[in-house]
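Q: following is a predicted model, sequence given first.
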Amino acid sequence: MSDLHYKALCIFLAVLLIASNVFWILTRPESQTIRLNFAYQVGFHYGVSIIMDHFDLVEKHSRGQIEANYFKISGGSTINEAIVAGSIDFAQMGTPPAIKGIDQGIGTKILASFGSKEHEAWTWRSDVQSLADLEEGDVICVVKLFSIEHVGLIKAFLDMGKTKEQADAVSGFFSHSDAYQMMEEGTIDVDFTGVPYTLLYAENSRYRKISGDTEIWGMPLAGGVFIGRATLDKEIVDAVLDAWMEAVEWIKDNPQEASEIIGPVYDYTEEEAWELWQKSGIVWNATFGLNVLEPQSNIMYQLEIIDKQLNNTDLLFPQILEMMK
């Protein structure tokens, strides 16, 4: 091959290579943003999602690969239905409906805990000294069927040698705000509730605390749990967990600013939010109370609320199981 032919071949190959690269650049698929929907319920302890939203922490930890959208939804069963419908990917919710969803096979697992939020039983009646004094005809508000309050009441009755049926006979299902009003009117006897209502009862000498989560379960419970679709890619779950951890740490380091961001979402002024925050006693910790999930699910199985006996491997993402070691 002559030098002229060799040079011509080199030029031809160079042009072909450049053309190939230009074609690849012009036709390569663009990196697509994944849109995920996050749900949370009502209450200060659901504020981790609000902080993640406020600072775009999921976007930060996914390097812009995830676009997170946040929705306030009332009720764990509604969240489970939304997950089944494909409308929600991650959610903060109460523990019993989260366990029930896993048992029903909706394809979720638990990624983290909010931290603690003690539920307490308060009464205005001087003759009711403990849950053991409740009889048919009395009413204790446990909010919703299979709520943490309802499950706790049933466990307390079983531990006292009573039956689930006896617990159900005294159970009343009302919203927290309605129950507080009914306690003032004397139309219910006991309110099993959480912050801020426990704080309001504690400030009024008319009321007396007769029980609480720690007394019933022997240890503090998670205030609720953060769940996600178990089929999501590990990289997505890792990014969301990192965002959650940063939000929790930021809340712990900046409590007043956190209250001023979270409070207005629930129609509190910044001053009201900070006052309630200081009284709430919430302990922010991503793994707090998760060791109680198995005992909780076992009680739910014994009560035939769920169909299967679940262990931590069934309930939790591998990432959080590793953190709990």
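A: Now that the structure is in, tell me what you want to look at.
Q: where are the low-confidence patches of this protein?
A: Scanning the chain for pLDDT under 70 picks out 1-31.
Q: strands of that one, start to end?
A: 34-40, 66-72, 90-93, 108-113, 120-123, 140-141, 171-172, 190-193, 208-212, 225-229 (DSSP state E).
Q: Serialize those to CSV and add fields for mean neighbour count and distance to residue 285.
A: C-beta: built from backbone N, CA, C; applies to glycine. Formatted as CSV, the strands of the chain follow (neighbours: other CB atoms under 10 Å; distance: least, CB to CB, whole Å):
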stretch, mean neighbour count, distance to residue 285
strand 34-40, 19, 18
strand 66-72, 16, 22
strand 90-93, 28, 14
strand 108-113, 26, 7
strand 120-123, 26, 20
strand 140-141, 26, 28
strand 171-172, 20, 30
strand 190-193, 27, 22
strand 208-212, 18, 19
strand 225-229, 26, 12
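Q: which one of those strands lies closest to residue 318?
A: Closest to residue 318 of the strands of the chain, according to CB to CB: strand 108-113, at 8.8 Å.
Q: then the closest one to CSV, C-alphas only?
A: C-alpha atoms of strand 108-113 as CSV (Å, rounded to 0.1, in the frame of the first residue of the first chain):
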residue,chain,number,x,y,z
THR,A,108,-43.9,-3.3,50.9
LYS,A,109,-41.3,-3.4,53.7
ILE,A,110,-40.3,-1.1,56.5
LEU,A,111,-37.3,1.1,55.9
ALA,A,112,-37.1,3.2,59.2
SER,A,113,-38.8,4.3,62.3
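Q: now do the contacts for the spatially most central residue of the chain.
A: Centroid-nearest residue in the chain, with CA atoms, centre = their mean: residue 92, separated by 2.7 Å. When contacts are counted by CB atoms under 8 Å, 6 or more residues apart in numbering, residue 92 is found next to 39-41, 46, 48-49, 114, 224-226.
Q: nearest to residue 132 among the residues you listed?
A: Set against residue 132, the nearest of the contacts of residue 92 by CB to CB is residue 224 (27.8 Å).
Q: next, count neighbours for that closest one.
A: For residue 224, the count of nearby residues is 27 (other CB atoms under 10 Å).
Q: which pair in the contacts of residue 92 spans the largest distance?
A: Farthest apart among those by CB to CB are 39 and 114. That separation is 13.9 Å.
Q: partner residues bridging the residue nearest to the centre of the chain?
A: Using DSSP bridges, the beta-bridge partners of residue 92 come out as residue 226.
Q: just to revisit the earlier point, in a markdown table, list the strands of the chain along with distance to residue 244.
A: As requested, those are arranged in a markdown table below (distance: least, CB to CB, whole Å):
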| stretch | distance to residue 244 |
| --- | --- |
| strand 34-40 | 10 |
| strand 66-72 | 11 |
| strand 90-93 | 9 |
| strand 108-113 | 5 |
| strand 120-123 | 27 |
| strand 140-141 | 31 |
| strand 171-172 | 33 |
| strand 190-193 | 26 |
| strand 208-212 | 27 |
| strand 225-229 | 6 |
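Q: quick check: which of those strands is nearest to residue 149?
A: With distances scored as CB to CB, the stretch of these nearest to residue 149 is strand 190-193 (4.1 Å).
Q: what packs against that closest one?
A: Applying 3 or more CB pairs under 8 Å, 6 or more residues apart in numbering; DSSP states H and E, one finds that strand 190-193 contacts strand 120-123, strand 140-141, helix 148-159, helix 176-185.
Q: who does the third one touch, helix- and strand-wise?
A: Applying 3+ CB pairs under 8 Å, 6+ apart, one finds that helix 148-159 contacts helix 95-103, helix 164-170, strand 190-193, helix 213-217, helix 293-302.
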